[in-house]
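Trainee: Quick one, fold the following:
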Amino acid sequence: MKKFFIVLFLWKLSYIKSQEHNADQNSINTIIGFIDKRDSNCLFEIKKAKIDFKSQEIYYHIIPEGYLDTDSNRHHQILGALLTKKGIRFLTSTEPEFDSFWSDGNGEKYQLQTNCYCKSFNELLNLKYGRSFTKNIERTADSLYVISRIDQPFNYPYGVDNYCMIYPNAKDFLDQKEQIRKDFLVNFKFPDDFIYSGKERDFMAKSKFTITKESTISNVTIQVEFKNESNQKFQEYIINSITEFIKNANWKAAISSGVKVNSLFEVNFYN
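Mentor: Modelled structure (predicted):
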């Protein structure tokens, strides 16, 4: 039996290597990177884009597969204006983007590319205006958008840079809210006649506040709910304790497109 599994493993390994070899034989380098030479539709679109680019320049926004960031288009109006100044049109591709779109052909599977026409236009722009032209103009447009509304708070975390840290005491981005709660409880003292349930979350305090671009705190609002209604009399005490902690904790201004901004932050406190 052991010998059978060894033979099966070696056969699978040989099959995988043969598939990789076939993939290498069929790969060709194009303006948008390596594609399979059997992908005739993509090759046609690349050729057509090179011809069309001679008469018009277009930058295409391609929505990544499964991308749901609602703020990703926030700078498009400014981006369109910057491109217009250079005589470049700005359009959004209507073709869905798929990273794993395969087709059978003579018993083999190979990857088909999507948005080849649009990707070719974008790469032709990079060839003409500089290798990182499209990335740089996107970055510039987003920075200008942020600056245009610098006094308005950005929602955290979706309106700021990915994995932006605002609480330096935390070890990483995902640990921030838990670390804030733990740090609060270190020095928090329950009133002597507070009624415990014997379980966690005898109170739940939902807080919302602004971390300014100067790393200070403003507009603190807190709502408290108690498991035992008899503890309602301690509402003001808990709100004041949390408010004091928030205003004196070590915060760091959020960053959006490389710019320090005001950010709206929410965190729950409970025992």
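
Trainee: what residue lies at the spatial centre of this protein?
Mentor: Asn162 (5.4 Å; Cα atoms, centre = their mean).

Trainee: Check that residue and give its pLDDT.
Mentor: In this model, Asn162 is scored at 92, pLDDT.

Trainee: Repeat that for the one 4 residues further on.
Mentor: pLDDT recorded at Ile166 is 98.

Trainee: I'd say it and Asn250 touch.
Mentor: No: between Ile166 and Asn250 there is no contact under Cβ atoms under 8 Å: 10.0 Å. In short, each C-beta sits where N, CA and C put it, glycine included.

Trainee: before we move on, back to that, where's the residue nearest to the centre of the chain, which helix or strand?
Mentor: Here Asn162, judged by DSSP states H and E, is contained in no helix and no strand.

Trainee: Give me the phi and psi for it.
Mentor: Backbone dihedrals for Asn162, given as degrees, to the nearest 10, come out at phi -60, psi 140.

Trainee: follow-up on the earlier one: who has more neighbours, Ile166 and Asn250?
Mentor: Ile166 (20 against 9; other Cβ atoms under 10 Å).

Trainee: so where's the stretch 51-200 of the chain shaky on pLDDT?
Mentor: Applying pLDDT under 70 to the stretch 51-200 of the chain flags residues 67-70, 100, 103-107.

Trainee: mind running it again at 90?
Mentor: Scanning the stretch 51-200 of the chain for pLDDT under 90 picks out 64-72, 96-112, 197-200.

Trainee: so Arg74 is in which element?
Mentor: Per DSSP H and E, there is no helix or strand for Arg74.

Trainee: If we ignore the residues flanking it in sequence, what's nearest it?
Mentor: Excluding the flanking residues, the one nearest Arg74 by Cβ to Cβ, 6 or more residues apart in numbering is Tyr145, at 5.7 Å.

Trainee: Tell me the helices and strands packed up against the host helix or strand of that neighbour.
Mentor: Assessed by DSSP H and E, Tyr145 sits inside helix 133-148. Packing partners of helix 133-148 (3 or more Cβ pairs under 8 Å, 6 or more residues apart in numbering; DSSP states H and E): helix 76-85, helix 116-129, strand 259-261.

Trainee: Quick check: neighbours of the following helix or strand past the last one in the sheet, parallel or antiparallel?
Mentor: Using DSSP H and E, the helix or strand that directly follows strand 259-261 along the chain is strand 263-270. Using DSSP bridges, the strands paired with strand 263-270 in its sheet are strand 154-155 (parallel), strand 203-211 (antiparallel).

Trainee: Quick one: neighbours of the residue nearest to Arg74, just the number.
Mentor: Residues within reach of Tyr145, counting by other Cβ under 10 Å, total 19.

Trainee: measure it to Glu95 for me?
Mentor: 26 Å (Cβ to Cβ, to the nearest Å).

Trainee: now swap in Asn115 and tell me
Mentor: 5 Å.

Trainee: And the helices in the protein, which stretches?
Mentor: Remark: helices assigned in the chain by DSSP state H are 2-26, 40-52, 76-85, 116-129, 133-148, 176-187, 235-248.

Trainee: export the shortest one as PDB, just CAs?
Mentor: Output in PDB follows, covering the C-alpha atoms of helix 76-85 (Å, rounded to 0.1, in the frame of the first residue of the first chain):
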ATOM      1  CA  HIS A  76     -12.100  60.300  -9.700                       C
ATOM      2  CA  GLN A  77     -13.500  63.800 -10.400                       C
ATOM      3  CA  ILE A  78     -10.100  65.300  -9.700                       C
ATOM      4  CA  LEU A  79      -8.300  62.500 -11.600                       C
ATOM      5  CA  GLY A  80     -10.500  63.200 -14.600                       C
ATOM      6  CA  ALA A  81      -9.600  66.900 -14.500                       C
ATOM      7  CA  LEU A  82      -5.900  66.100 -14.300                       C
ATOM      8  CA  LEU A  83      -6.000  63.700 -17.200                       C
ATOM      9  CA  THR A  84      -8.100  66.200 -19.300                       C
ATOM     10  CA  LYS A  85      -5.300  68.800 -18.900                       C
END
